[in-house]
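K.L.:
fold the stuff below for me.
(one chain, ligands or ions: 1)
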Amino acid sequence: MKDFYLPLIGLFLFLHPLMAEAQNTVKLLPSEDAPKISRHIYGHFAEHLGRGIYDGLYVGEDSEIPNTAGVRNDLIEALKRIKIPNLRWPGGCFADTYHWKDGIGPKEDRPTVVNQWWGGTTEDNSFGTHDFLNLCEQLGAEPYLAANVGSGTVKELADWVQYVNHGGISPMADLRKEYGREKPWNVKYWGVGNEMWGCGGNMTAEYYANLYKQYATFMADWSDSSDLYRIASGASDDDYHWTEVLMREVPKHLIEGVALHYYAVIDWNNKGTDIGFSEEQYFQTMQRALKMEELIEKHVAVMNKYDPEKQIDLVVDEWGGWYDVEGKPQLGVLFQQSTMRDAMIAGATLNIFNNHSDRVKMANLAQTVNVLQAVALTEGEKMLLTPTYHVLEMYTVHHDSQLIPVEIISPEFIYNGESLPALSVSASRGDDGNVNISLVNIDSRKGHNVTIDVSNLEIETLKARILTSEELQDHNTFEKPDEIAPASFSGFSIRGDELEVALPPFSVVVLSEE
Ligand code: AHR
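P.N.:
Numbers count the residues shown, from 1 in each chain. Predicted structure coming up:
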């Protein structure tokens, strides 16, 4: 959609009472006690899966595609623009098959293995620990290493920690220096296994809790800052028993975070396709996506029982939409296009995380490039940024800002007799003192007028941007990479203590104080 139409559409909806309903209110309730929204909620995830690493992030040092140490420059720049705070690697399910020593030393000497979970492809280990950690340094992102518990050993993990974090003389630090890296990387974030109830080993929560304690005990903290952050492999969806067992069994000195994985999937046996979905499937996807709020609240209720002081964080280290691709999907590739539906998932989910930032301190969208709800897609030299990317870029205003709690009376998004709240909101105040408000209208048919009570905030002037399009299925293509991009938005006005915003159907709007 052309940028210049958007302010006109906003103004039209704002003035047209039949197209946009009134009396939907939002109250902003600033409080000194409100938590900071950790920028790590805006984290990413890159697995050795399909074209995620090879032919995605990493094209190799000899590629004609402009790269730095084998990683495509256009992607590095794009990720820097969304201020990528952390990157989880090497999996996913792949993590519990990964033996990190396969990926160090001269590339020609690295062994070739089979990628068991993702299509049985050949993994030549040319992208390994140094490649990943150096990339994170370049991105200014914290690395989050997911360690192998399912098919690894306690010693293998203890050695990995020593290899990347030990600053003195030790067997692993000496090996690291031999392979060209003098200083340690001081990696803080460590996942102790992945999906241990499934691809990580099909364990019970009780068995894993014991195993977790054993692994975590031997993860010596060699880092300069002595702040190793160990994340236990968490529950899937609504498996509250899993969270209960970990919280009950693992002593607090051994754990900093508990994970949760949740994907917005209509039906695991019939996911629907990435582009050719119906309005009904859109509604079902949003039903699943909004369930994130209930899941967080219920897992947090379990955590509160054992940890009322909130010493242990909830880390949603895999989330996003998951569909089938049009045509014949390739085994274990998980490539999908990203449409306006994905922008709705991203905007609403990030608002949920922001509003629960007292306990949700970290999250990782699955997965960065060419896999699932990616922020970028590549084809040879070409790269496109998805609608999801643009939502993340618009929401950078919330990184490390203080949450402003909100109360919402939402209009309904009604489809076939069922309804969902159409409106999702979160707000924060940055270090510069400016207020930022992100609003999402997931309603595929109707625009909604929203009245925001800003009486406690002394807002004078605001600027706004919008992400929307004509059709829910719209997406960027390699031929037309900029069809969907944020545009400036004027469909709002401030009258005294009230801010009125006219949200077009399926749109994300971010208002920022100037
Ligand atoms: O993100 C794809 C896969 O989904 C991950 O490897 C796994 O952890 C999850 O089931």
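K.L.:
give me the residue from the stretch 301-450 of the chain nearest the ligand.
P.N.:
Residue nearest to the ligand within the stretch 301-450 of the chain (Cβ to the nearest ligand atom): A366, separated by 4.2 Å. For the C-beta atoms, the positions are set from N, CA and C on the backbone; glycine is no exception.
K.L.:
quick one: pLDDT of that residue?
P.N.:
At A366, the predicted lDDT confidence score is 98.
K.L.:
give me phi/psi at it?
P.N.:
A366 has phi and psi values of phi -100, psi 120 when expressed as degrees, to the nearest 10.
K.L.:
got it, and G201?
P.N.:
Backbone torsions for G201, taken as degrees, to the nearest 10, come to phi 150, psi 0.
K.L.:
ok, it touching N148?
P.N.:
No. Taking contact to mean Cβ atoms under 8 Å, the distance of 10.3 Å between G201 and N148 leaves them out of contact.
K.L.:
the more surrounded of those two?
P.N.:
Counted by other Cβ atoms under 10 Å, G201 and N148 do not tie: N148 has more neighbours, with 25 against 18.
K.L.:
contacting residues for that one?
P.N.:
Under the criterion of Cβ atoms under 8 Å, 6 or more residues apart in numbering, the contact partners of N148 comprise A95, D96, T97, Y98, H99, W100, E156, L157, G193.
K.L.:
10 Å - rerun?
P.N.:
If you count contacts by Cβ atoms under 10 Å, 6 or more residues apart in numbering, N148 has them with 90-91, 94-100, 156-157, 160, 191-194, 200, 215.
K.L.:
one more: I169?
P.N.:
K177.
K.L.:
do Y215 as well
P.N.:
Counting by Cβ under 10 Å, 6+ apart, the residues that Y215 touches are 147-149, 152-154, 156-158, 190, 192-193, 208, 230, 232, 254.
K.L.:
top of these by neighbour count?
P.N.:
Each of the contacts of Y215 was scored for neighbours by other Cβ under 10 Å, and A232 scores highest at 29 neighbours.
K.L.:
who's in contact with that residue?
P.N.:
When contacts are counted by Cβ under 10 Å, 6+ apart, A232 touches 149, 191-193, 196, 208-209, 212-213, 215-216, 242-243, 246-247, 250, 254-259, 312, 315.
K.L.:
the same query, at a cut-off of 7 Å, please.
P.N.:
Contacts of A232 were listed using Cβ atoms under 7 Å, 6 or more residues apart in numbering, and they are V192, Y212, L246, V250, I255, V258, A259.
K.L.:
buried only: go through the contacts of N148 for me.
P.N.:
Buried residues within the contacts of N148, defined by neighbour count using 16 or more other Cβ atoms under 10 Å: 90-91, 94-98, 100, 156-157, 160, 191-194, 200, 215.
K.L.:
what about the residues you listed, which are in helices?
P.N.:
Members of these lying in helices (criterion: DSSP state H): E156, L157, W160, Y215.
K.L.:
how close does the first one sit to V375?
P.N.:
Read it as E156. Counting by Cβ to Cβ, to the nearest Å, the gap between E156 and V375 amounts to 32 Å.
K.L.:
re the thing from before, turn the contacts of A232 into JSON lines, including secondary structure and distance to the ligand.
P.N.:
Compiled in JSON lines, the contacts of A232 are given as follows (DSSP: H, G, I helix; E, B strand; the rest coil; distance: Cβ to the nearest ligand atom, whole Å):
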{"residue": "V192", "secondary structure": "strand", "distance to the ligand": "14"}
{"residue": "Y212", "secondary structure": "helix", "distance to the ligand": "17"}
{"residue": "L246", "secondary structure": "helix", "distance to the ligand": "17"}
{"residue": "V250", "secondary structure": "coil", "distance to the ligand": "20"}
{"residue": "I255", "secondary structure": "coil", "distance to the ligand": "19"}
{"residue": "V258", "secondary structure": "strand", "distance to the ligand": "15"}
{"residue": "A259", "secondary structure": "strand", "distance to the ligand": "10"}
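K.L.:
neighbour-wise, which of these leads?
P.N.:
Taking other Cβ under 10 Å to define a neighbour, the member of those with the most is A259, carrying 29 neighbours.
K.L.:
chain neighbours aside, what residue packs nearest to it?
P.N.:
G234 (3.2 Å; Cβ to Cβ, 6 or more residues apart in numbering).
K.L.:
surely the one you found and Y262 touch.
P.N.:
No. Between G234 and Y262 there is no contact under Cβ atoms under 7 Å: 9.8 Å.
K.L.:
report the contact partners of the residue of the stretch 301-450 of the chain closest to the ligand.
P.N.:
F45, E318, W319, G320, L372, Q373.
K.L.:
keep only those residues that also lie close to the ligand.
P.N.:
The residues of the contacts of A366 that also fall near the ligand, by Cβ under 6 Å from any ligand atom, are E318, L372.
K.L.:
how about whichever residue of the stretch 51-200 of the chain sits closest to the ligand: what's its closest non-neighbour residue?
P.N.:
Closest approach of the stretch 51-200 of the chain to the ligand (Cβ to the nearest ligand atom) occurs at G92, with a separation of 2.7 Å. Leaving aside its sequence neighbours, G92 sits nearest to E47 (Cβ to Cβ, 6+ apart; 3.7 Å).
K.L.:
sorry, back to before: mutual contacts of G201 and N148, please.
P.N.:
Residues touching both G201 and N148 (Cβ under 7 Å, 6+ apart): D96.
K.L.:
looking at this structure, which helix or strand is least sure?
P.N.:
Among the secondary structure pieces of the chain, namely its helices and strands, helix 5-15 has the lowest mean (mean pLDDT, DSSP states H and E), a mean of 41.
K.L.:
and the helices in the stretch 301-450 of the chain?
P.N.:
Defined through DSSP state H, counting those that start in this stretch, the helices belonging to the stretch 301-450 of the chain, from first to last, are 340-355, 387-394.
K.L.:
for the stretch 1-150 of the chain, that is, sorry about that
P.N.:
Here the stretch 1-150 of the chain has its helices, by DSSP H, counting those that start in this stretch, at 5-15, 73-81, 129-139.
K.L.:
N354 is in contact with H398, correct?
P.N.:
Yes. Counting by Cβ under 7 Å, H398 does reach N354; the two are 5.8 Å apart.
K.L.:
who touches both of these two?
P.N.:
Jointly contacting H398 and N354 under the rule Cβ under 7 Å, 6+ apart are I37, S428.
K.L.:
give me the pLDDT value at I459.
P.N.:
88.
K.L.:
go on, the one 5 residues further on?
P.N.:
The score at A464 is 98. That number is its pLDDT.
K.L.:
please report the number of neighbouring residues for it.
P.N.:
One way to gauge burial is a neighbour count; for A464, by other Cβ under 10 Å, it gives 21.
K.L.:
against G491, how distant is it?
P.N.:
Distance of A464 to G491, given as Cβ to Cβ: 8 Å.
K.L.:
equivalent analysis for S428, please.
P.N.:
Separation of S428 from G491 (Cβ to Cβ) stands at 22 Å.
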